[in-house]
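J.: here is the input, now give the coordinates:
(2 chains)
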Number of protein chains: 2
Amino acid sequence: MSGEFDLISRIAARVSPRSDVVLGIGDDGAILRPPAGHELVIVTDTLNSGVHFPESTAAHDVGWKALAVNLSDLAAMGAIPAWCTLALSLPAPDDAWLDACIDGFLALAAQHGITLVGGDTTRGQLSLTVTACGFVAAGGALRRDAAKFDDDIWISGTLGDAALALQEVLQGKPCSDELRSRLDRPTPRCALGHALVGIARACIDVSDGVLQDLGHVCVASGVGVEVLLDALPASDALAAQVENAPRWRLQSSGDDYELCFTADPLQRDALVALSNSLGVRLTRIGRVVAGDGVHALDADGNEVRLQASGYEHFV
Amino acid sequence: MSGEFDLISRIAARVSPRSDVVLGIGDDGAILRPPAGHELVIVTDTLNSGVHFPESTAAHDVGWKALAVNLSDLAAMGAIPAWCTLALSLPAPDDAWLDACIDGFLALAAQHGITLVGGDTTRGQLSLTVTACGFVAAGGALRRDAAKFDDDIWISGTLGDAALALQEVLQGKPCSDELRSRLDRPTPRCALGHALVGIARACIDVSDGVLQDLGHVCVASGVGVEVLLDALPASDALAAQVENAPRWRLQSSGDDYELCFTADPLQRDALVALSNSLGVRLTRIGRVVAGDGVHALDADGNEVRLQASGYEHFV
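T.: Numbering: from 1, shown residues only, chains lettered A, B, ... in the order given. Okay, here's the model as predicted:
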């Protein structure tokens, strides 16, 4: 296995920097040229082996997912991705594993026009921390504190596939490639997030579970929300396998990298058009109400309490 | 112990943001306002328990050092610190430990006017990854590739105290508080780094050991360097305890957060004046030569090969 500095050189050789990267990988820091008239959005997320992904996850997918969860946070802010860093801790040197991990990372980076500009490689338990930067026009970022009474609540894509895949993996059951890919290679909704600037009010990604994450919107915006559990969008695979309460629990347990946002009901036509133009399913799942807290309702309008809804470390 | 979200709120409550922070801790990302006419410098470094600091290190000092090593990288680029994120993995919840760690982090942050704007808290082996942003006037950053033939080579402060402290800790020997503080609470040279813009040519921090780090300058700049081992500045504590070759080995083994830079010999007076005005010792330790590689010389001008000079992971 190569030493640390060979490794850094090998990664650097595979990166094609954007034109706003004055100096990328290989110095004490990267030098970057922010665009005029924009605000910088910074996000950071860590993935630890055995906590955020099963130890059996392919190296390629570990790299992909480490970037994807950060791109999802940029998307939730309405920001266009620009630059990122990768801090990688590895228990033991392994060139083949590393090459595959970087392959996955750079494959997703290329799709979103984001350049890896630096990082750190250290010895330790397998862990990846990515910090990603993006840009929004000044004042344009989508925030948690902007929801208003009577807004619709929308969600992109479908919910619960990753949780079902994880359940099957942990139980040693067979898991279809399609389902497993929803766990291992989530699709960050960057184009959607950017397009929502000027249309949506509050926006959040639902990586910790849609009900728990909506709770943050409620606190930040000083509102309550009603969510219709039957309206939570499910893939055909999930709908075929799991019904009602168990399905709702999977759909609100997190690891879904979809955007949940609120919008004035006057924006419904604009959002249907956006869904069609981007080819991303958008579903109305509830509305913003007076009061506080998240109220999850069944088909009869009765409030449902789901056990262990959402992911929180140290609880 | 508090849950993850309580913890985040408690940290957020203790941060007083700079005026260019539009939105700090608590959303999917931070929103920041870069200054016009400047380039952004981004650095990132991870500290893993037992690898980058002894497991006995006080929580306050772990927080301090995690930020210090990143500020040192910003200093080496000549950048003024602005914003940072902290990704923290903890094996088990511990409010008292966390409060002390954040105390140390924020104490150093306040000294340097850098705001903690976001982060991530996860379960895992104790590990801290900081990403820090700073600014330099466009084109002003100090890079590794700017050394020129016949430049002087300078170093700030003294070298080897951290290595001596670590040796004493690992051998279970008593270690004075003063020496131990050089290991646990390094002083990033931010004011010096920024003042060197326009005076120094190449600059680097010597966190991996002065000889190894100068090797990176040689490769990037296409030059060689001669270093006079007797000239390496030592604290009184180190000079009193360790002589010659063993001392040189400690002085080039890393974990020193000093700046090593090259400068035209015409800048000697300016650098003496800068040393006096900042109260930071600056020592000439060698010069840039034709050829390549780092040549470490003893008092008789003979080249010395030091064993295990500098720190590299996976070697």
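
J.: do any residues in the lowest-mean-pLDDT helix or strand in chain A lie close to chain B?
T.: Lowest on mean pLDDT, DSSP states H and E among the helices and strands of chain A sits helix A:4-13, with a mean of 83. Yes. Under the criterion of CB under 8 Å from any CB of the partner chain, helix A:4-13 makes contact with chain B via A:4, A:5, A:7. For glycine as for every other residue, the C-beta is placed from the backbone atoms N, C-alpha and C.

J.: quick one: which of the residues you listed is nearest residue B:164?
T.: residue A:4 (24.0 Å; CB to CB).

J.: how many residues are close by that closest one?
T.: Residue A:4: 18 surrounding residues under other CB atoms under 10 Å in any protein chain shown.

J.: and if you look at residue A:38?
T.: Neighbour count of residue A:38, defined by other CB under 10 Å: 18.

J.: my read: it touches residue A:133, true?
T.: No. Applying CB atoms under 8 Å as the test, residue A:38 and residue A:133 come out as separate, 10.9 Å apart.

J.: helices of chain A, start to end?
T.: Counting by DSSP state H, the segments of chain A that form helices are A:4-13, A:59-76, A:95-112, A:161-170, A:177-184, A:190-196, A:210-221, A:236-241, A:244-251, A:268-278.

J.: tell me where the model's unsure across the stretch 201-315 of chain A.
T.: A:307-315 (pLDDT under 70).

J.: so which residues on the stretch 101-250 of chain A come close to chain B?
T.: Proximity of the stretch 101-250 of chain A to chain B (CB under 8 Å from any CB) is limited to residues A:117-125, A:127, A:129, A:131, A:133-134, A:136, A:138, A:141, A:143-145, A:204-205, A:216, A:220.

J.: give me the ChimeraX select line for the residues you listed, limited to the buried ones.
T.: The buried residues among these can be selected in ChimeraX (16 or more other CB atoms under 10 Å in any protein chain shown) with this line:
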select /A:117,118,119,120,121,122,123,124,125,127,129,131,133,134,136,141,143,144,145,204,205,216,220
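
J.: of the residues of the stretch 101-250 of chain A next to chain B, which belong to strands?
T.: Taking DSSP state E as the definition of strands, those contribute A:117-123, A:127, A:129, A:131, A:133-134, A:136, A:204-205.

J.: and residue A:219, how many neighbours does it have?
T.: Neighbours of residue A:219 under the rule other CB under 10 Å: 16.

J.: and for the one 3 residues further on?
T.: Close neighbours of residue A:222, defined as other CB under 10 Å, add up to 13.

J.: can you pull the phi/psi pair for the closest residue to it other than its chain neighbours?
T.: Once flanking residues are discounted, residue A:222 sits nearest to residue A:292: 7.5 Å by CB to CB, 6 or more residues apart in numbering or on different chains. Main-chain torsions, residue A:292, degrees, to the nearest 10: phi -150, psi 170.

J.: on that earlier part again, show me the two of the ones in strands among the residues of the stretch 101-250 of chain A next to chain B that sit farthest apart.
T.: Of all pairs in these, the most separated under CB to CB is A:123 and A:136 at 37.2 Å.

J.: list the contacts for the spatially closest residue to residue A:61 that is not a sequence neighbour?
T.: Using CB to CB, 6+ apart and skipping residues adjacent in sequence, the residue nearest residue A:61 is residue A:184, 3.8 Å away. Applying CB atoms under 8 Å, 6 or more residues apart in numbering or on different chains to residue A:184 gives the contacts A:53, A:57, A:58, A:61, A:64, A:65, A:165.

J.: what's the local residue count around the residue nearest to residue A:222?
T.: Neighbours of residue A:292 (other CB under 10 Å): 14.

J.: from residue A:221, how far off is it?
T.: Per CB to CB, to the nearest Å, residue A:292 is found 10 Å from residue A:221.

J.: need the pLDDT of the closest residue to residue A:22 other than its chain neighbours.
T.: Leaving out its chain neighbours, the residue that sits closest to residue A:22 by CB to CB, 6+ apart is residue A:31, at 4.0 Å. In the predicted model, residue A:31 carries a pLDDT score of 98.
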